[in-house]
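**Q** structure here, sequence nowhere to be found:
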Ligand SMILES: [Zn+2]
C-alpha cells in the first residue's frame, strides 16, 4: 500500500535517513514477516517491527501468558495471564500501529504456516526442532532466516540470506551428535534485558535484510551480558549437512 500523509509523520525518523527514505519505508510496508515464538525475544522483535511499519506480521506461538513470563516478555501485562500470547500481542501491536496487518497462529510452527509465502522468518523459539523446520523451509523457499537464543547472561544471533547465499545454513552449525540437554530459560534462568538486546538485534537484522544491507550470511554474533562483551564467530559449512550439504541432494 502506498504511504499516506499519516505515514509520512509516523515514519519521519526513517524518512530523514538516506539509507531508508521513502523507497525504504515502502519496502518495509510491503514486507511480510513471520515471527515464531512470542517469548523474551519475540516481544521486542514484534514491537520494533510493528513500530517500524513492517506491513504484514505473522505471529506463531501456542502458549498462554503465565506470571513467570512477565519478568522478561515485555508485551504482556499482569492482567493478560491466562490469555493466548498471540492474541495479547496482536492487540498490543495493532494499538501501536493500526496501519499494519497482524495474523495469528496459536499453534506450534509447522510446514503449513511456513508455506504461506513470507519474505522472511524470525526464529524467537527455544526449540531446536522448530529451528530446523524453519531453517529447511527458508532454505527451500530461498528467503532469509534470522535466529537468536539467550540463556542466563548470554545471547547469540545468526542470520542467513538464502536468496543470495546457498552454501551454509543453520543445520550446518548444529552439533548433531551432542548428547547434552539444551539449556533454556525454563531450566537455567535468564536476565530479561539480555533477551531485549538480542531481540533488538534480530529486529535490526530483519530491517537490514528487508532494505538490502545485509552481508553477514551465517556469521554468528555472541553477547556476554555479565562481562559486557561481544564476539563475532565465522561459521563453516558442513559438507554432510542434511539441508544444504551433498547429503541433501
Ligand atoms: Zn547446511
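**A** It's in. Here the structure is a predicted model, which is why all the values come from computation and not from measurement.
**Q** so residue 29 sits right up against residue 56, yeah?
**A** No - between residue 29 and residue 56 there is no contact under C-beta atoms under 8 Å: 9.2 Å. C-beta: built from backbone N, CA, C; applies to glycine.
**Q** return the residues of the protein in contact with the ion.
**A** Taking C-beta under 5 Å from the ion as the criterion, the chain approaches the ion at residues 169, 171-172, 241, 243-244.
**Q** so which of those residues is the most crowded?
**A** Among those, the one with the most neighbours (other C-beta atoms under 10 Å) is residue 169, at 29 neighbours.
**Q** next, that one: phi, psi?
**A** Dihedral pair for residue 169: phi -140, psi 180, per degrees, to the nearest 10.
**Q** contacting residues for it?
**A** 135, 139, 145, 160, 162, 218, 241, 243-244 (C-beta atoms under 8 Å, 6 or more residues apart in numbering).
**Q** try 10 Å
**A** 132, 135-136, 138-139, 145, 158, 160, 162, 217-218, 235, 237-238, 241-245, 248 (C-beta atoms under 10 Å, 6 or more residues apart in numbering).
**Q** now the residues of the chain next to the ion in CSV, with secondary structure and pLDDT?
**A** Shown next, in CSV, are those (DSSP: H, G, I helix; E, B strand; the rest coil; pLDDT from 0 to 100):
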residue, secondary structure, pLDDT
169, coil, 97
171, helix, 95
172, helix, 94
241, coil, 93
243, coil, 94
244, coil, 93
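**Q** so how many other residues sit close to residue 217?
**A** Counted with other C-beta under 10 Å, residue 217 comes out at 18.
**Q** what score does it have for pLDDT?
**A** pLDDT, residue 217: 93.
**Q** next one: residue 1
**A** So residue 1 comes in at 78 (pLDDT).
**Q** verify the stated contact: it with residue 26.
**A** Yes - between residue 1 and residue 26 there is a contact under C-beta atoms under 10 Å: 9.0 Å.
**Q** okay, and the common contacts of these two?
**A** With C-beta under 10 Å, 6+ apart as the test, residue 1 and residue 26 both reach 7, 55.
**Q** so those two - more neighbours on which side?
**A** residue 26 (18 against 10).
**Q** for that one, give me its contacts.
**A** So residue 26 contacts 1-3, 7, 11, 20, 53, 55 (C-beta under 10 Å, 6+ apart).
**Q** from the contact counts, what lies against the helix or strand bottoming out on mean pLDDT in the chain?
**A** Lowest mean confidence among the helices and strands of the chain (mean pLDDT, DSSP states H and E): helix 185-188, at a mean of 82. For helix 185-188, the elements it packs on are strand 145-151, judged by 3 or more C-beta pairs under 10 Å, 6 or more residues apart in numbering; DSSP states H and E.
**Q** tell me the SS of residue 26?
**A** Using DSSP: H, G, I helix; E, B strand; the rest coil, the structure places residue 26 in helix.
**Q** how much space between it and residue 98?
**A** 18 Å (C-beta to C-beta, to the nearest Å).
**Q** burial count for residue 211?
**A** Neighbours of residue 211 (other C-beta under 10 Å): 18.
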